[in-house]
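A.B. asks: Structure for this input, please:
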Amino acid sequence: MKAIAEFAMRGRFQALLLTVAGSGSILFCWISAAVLALVTLRKGAGMGAQLLLWALLPSGFLLYATGDSGPLALLLGTMFLAVVLRTTVSLSLAVLASVLVGLLAGVLAMTAGGPYLDQMVALFGEFLAQVESQLSEGGEAVELARPTAVQIAGMLGAAVAMLSVLCLLLARYWQAALYNPGGFGSEFRELRYTPGVATALAMGGVAIAALGVEYRTWAVVVMMPLSFAGLALVHARVRARGQGSGWLFGFYMAWLLLDPVKLMVVFAAIADSWFDFRQRWAKSGKQVSRDEDE
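C.D. replies: Below is the predicted model of the structure:
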């Protein structure tokens, strides 16, 4: 992965090649978005905007041809987060801005991707119908709820918000690996929010979810910064206890597969905003060091 960053930083043509090559592909758009963010962080918003203009051609054509606004939204969202990070030099504010990215991406999917959403609704309907038929073979009929276009638009918005943050983090990791080895890890582990911001995000997510089942996917967008803050807290805890990468691998497997773990991560981020666990762990580590010296 570092080789991609090194190639992109060799010159404008190399960066342009990487950015445009994957911008019209659903599978490789994340590489284009990460390279775009890396150039923006390192060389400024002006250079990043030049790359973005060229990358909009393939992604815009994909939107016109298929109605899929995902690659276009990911490029724009990642670029926006990179500009926020470069301007504010605050990773927490950049991740917080993903809420706006996700909401706008969901709205874009509903306004410009109507036929695409209809196809997704039909696809989910066919898949759930097959699942129902398999579950009903035992005797009693099973009926599963079908997702609506509003739900799927919220899912797409949440996906764009999450991928935009991940692409930004990848770009920041590349930047640190090339110019400031080790800087990314400490920066990410310090990601947290004030009690006011964390409470506002939590209440906003609950309020949106209370509007109905079809809006719960939109609530995920509002909770996204808390999820990343919770993951940063986990990394900080692992670092404080001196645990290895194997523990993190097991945790991420559980986080991906189990919804209760995702909720625990969010709750941990909210609690950390009030109690600042990292500072407590640091004090505890210093106390242990003093006791061992004595």
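A.B. asks: Tell me where the stretch 51-200 of the chain is predicted with low confidence.
C.D. replies: By pLDDT under 70, the low-scoring segments of the stretch 51-200 of the chain are 138-142.
A.B. asks: mind listing the helices for it?
C.D. replies: Assigned by DSSP state H, counting those that start in this stretch, the stretch 51-200 of the chain shows helices spanning 70-88, 91-96, 98-112, 114-135, 149-179, 183-189, 195-209.
A.B. asks: Quick check: buried residues in the fifth one?
C.D. replies: Neighbour-count burial for helix 149-179, counted by 16 or more other CB atoms under 10 Å, picks out 149-177. C-beta here means a position set from N, CA and C on the backbone, and glycine is covered the same way.
A.B. asks: tell me what that helix is packed against?
C.D. replies: helix 2-8, helix 29-43, helix 70-88, helix 91-96, helix 98-112, helix 114-135, helix 183-189, helix 216-241 (3 or more CB pairs under 8 Å, 6 or more residues apart in numbering; DSSP states H and E).
A.B. asks: Could you give me the buried positions within the fifth one?
C.D. replies: Right, the one you point to is helix 98-112. Neighbour-count burial for helix 98-112 flags Ser98, Val99, Val101, Gly102, Leu103, Leu104, Ala105, Gly106, Leu108, Ala109, Met110, Ala112 (criterion: 16+ other CB under 10 Å).
A.B. asks: If we ignore the residues flanking it in sequence, what's nearest the last one?
C.D. replies: In other words, Ala112. Ser69 (5.7 Å; CB to CB, 6 or more residues apart in numbering).
A.B. asks: and the one you found, what is it in contact with?
C.D. replies: Residues in contact with Ser69 (CB atoms under 8 Å, 6 or more residues apart in numbering) are Leu63, Ala105, Leu108, Ala109, Ala112, Gly113, Tyr116, Leu156.
A.B. asks: Dump those into JSON lines; add distance to Lys43 as well.
C.D. replies: As requested, the contacts of Ser69 are exported to JSON lines (distance: CB to CB, whole Å):
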{"residue": "Leu63", "distance to Lys43": "27"}
{"residue": "Ala105", "distance to Lys43": "26"}
{"residue": "Leu108", "distance to Lys43": "28"}
{"residue": "Ala109", "distance to Lys43": "31"}
{"residue": "Ala112", "distance to Lys43": "31"}
{"residue": "Gly113", "distance to Lys43": "32"}
{"residue": "Tyr116", "distance to Lys43": "34"}
{"residue": "Leu156", "distance to Lys43": "31"}
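A.B. asks: between the residues you listed, which is nearest Arg86?
C.D. replies: Ala105 (21.2 Å; CB to CB).
A.B. asks: Hmm, the closest one is touching Leu156, no?
C.D. replies: Yes: the pair Ala105 / Leu156 is scored as a contact, 6.4 Å apart, by CB atoms under 8 Å.
A.B. asks: tell me, what's touching these two both at once?
C.D. replies: Common contact partners of Ala105 and Leu156 (CB under 8 Å, 6+ apart): Ser69, Ala73.
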